[in-house]
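In: Following is a predicted model, sequence given first.
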Amino acid sequence: MLILIFLFPFFSVGALGAGDIKLIIVAAISIGEPLIYFLTIWIVALLIGVTKLLLRKKVKNRIKHLFLYFRNLFLSGIITPYLEEQDLQNIEKRVKYSVHLSLPILASVSINLFLFN
């Protein structure tokens, strides 16, 4: 339940899908070390995301967008989707900027099973 509460803000801005959340919760329940598992997911996802940004040479653009998003969030207090509406409609842009968590979840499960079993 704690994981669901933690992940809900990411779901509300469109950063996580319901399938990602369900997969994270099911895998966390089946693993003996859920905190380490949870941290491993985010470390692997971070590495994949940074690699994608560096390869696409979009680091400055995405940092600027992130800064503006949080500025608007704090000034208005309104939670909006992280990607703009035109990016949500453009599947190619969505794929460019997203990290599907199934790979980090699989990596985390594998790492945790290797280390703790």
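Out: Structure received.
In: Could I get the buried residue list for stretch 99-111?
Out: 99, 101, 104, 105, 107, 108, 109, 111 (16 or more other Cβ atoms under 10 Å). Every C-beta, even on glycine, is put in place using the N, C-alpha and C of the backbone.
In: Oh, that last question was meant for stretch 24-35, not what I typed.
Out: Buried, per 16+ other Cβ under 10 Å, within stretch 24-35: 24, 27, 28, 31, 34.
In: Beyond the helix or strand the first one falls within, next helix or strand please.
Out: Here residue 24, judged by DSSP states H and E, is contained in helix 18-30. For helix 18-30, the succeeding helix or strand toward the C-terminus, using DSSP H and E, is helix 34-56.
In: What's the mean pLDDT across the following helix or strand past that following helix?
Out: As assigned by DSSP H and E, the chain's next helix or strand after helix 34-56 is helix 59-76. Regarding helix 59-76, the rounded mean pLDDT is 82.
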